[in-house]
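In: Turn this into a model:
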Amino acid sequence: MTGWAPGSLAATGITHVGERALLTLVCLVALGLALAGMRLGWVRRARRDGDLLAPRPLPDSLGGPLLAALPVTYLGTTTAGNMLDRVTAHGLGQPRTGEVSVHPQGLVLARDGAEPVLLATEVLAGVRTDRGLVTRVAEPDSTVVVTWRAGRALLDTGVRPRAR
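Out: Coordinates of the predicted model:
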């Protein structure tokens, strides 16, 4: 074995401090650029979705629920039929835990850390079960997808019940 001797720096593959510092700096710059690009994309998407009508806030009196509150994981809202085109306006793009209940006025979506919203009966267009929504895919029929109108746009909101 030529070129190798116990204790030799060449044998252990140790590089100079300057090379490691430069490599670390390059990695940090690449990470920073990736994060800045993701942030820019999120801001542009929010601007694109800014003209969507916001879901209604809860009215002062809702009356009794037709279906008691069901604990769910809110997956997000997308444009109808496109499970990867997330809508970010009005806080609809952030997954959260929460509860869903059905009232005579419509569907109440109470998300933890966000204002509860009412998807009024007149804007509801349909309900179905699916595998998932917004990159959250699981077993068949594990996600409830509510289709509703926000002005001229048709949107899908997905929730996954936390209990079977």
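
In: tell me the mean pLDDT over the longest helix seen in the chain?
Out: Looking across the chain with DSSP state H, the single longest helix is helix 17-48. Averaging pLDDT along helix 17-48 gives 88.

In: where does this structure dip in pLDDT?
Out: 1-15, 135, 164 (pLDDT under 70).

In: quick revisit: please compute how far the next helix or strand after the longest helix of the chain lies from its chain's middle.
Out: Using DSSP states H and E, the helix or strand that directly follows helix 17-48 along the chain is strand 56-57. On the basis of Cα atoms, centre = their mean, to the nearest Å, strand 56-57 sits 20 Å off its chain's mean C-alpha point.

In: which residues touch the helix or strand that comes right after strand 56-57?
Out: Towards the C-terminus, the helix or strand next in line after strand 56-57, according to DSSP H and E, is strand 67-79. Residues from elsewhere that reach strand 67-79 (Cβ atoms under 8 Å, 6 or more residues apart in numbering): 84-87, 92-102, 109-111, 132-134, 136, 143-144, 153-163. C-beta: built from backbone N, CA, C; applies to glycine.

In: I'd like to know which of these are buried.
Out: Buried residues within these, counting neighbours by 16 or more other Cβ atoms under 10 Å: 86-87, 92-93, 95-96, 98-101, 109-111, 132-134, 136, 143-144, 155-160.

In: I figured residue 117 hits residue 101, correct?
Out: No. With contact taken as Cβ atoms under 8 Å, residue 117 and residue 101 are classed as non-touching, separated by 12.0 Å.

In: so what sits against both of the two?
Out: By Cβ under 8 Å, 6+ apart, the residues touching both residue 117 and residue 101 are residue 108.

In: Quick one: residues contacting residue 63.
Out: Neighbours of residue 63 in contact, by Cβ under 8 Å, 6+ apart: 103, 104, 105.

In: Could I get these in JSON lines, plus columns for neighbour count?
Out: Converted to JSON lines, the contacts of residue 63 look like this (neighbours: other Cβ atoms under 10 Å):
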{"residue": "103", "neighbour count": "18"}
{"residue": "104", "neighbour count": "10"}
{"residue": "105", "neighbour count": "17"}
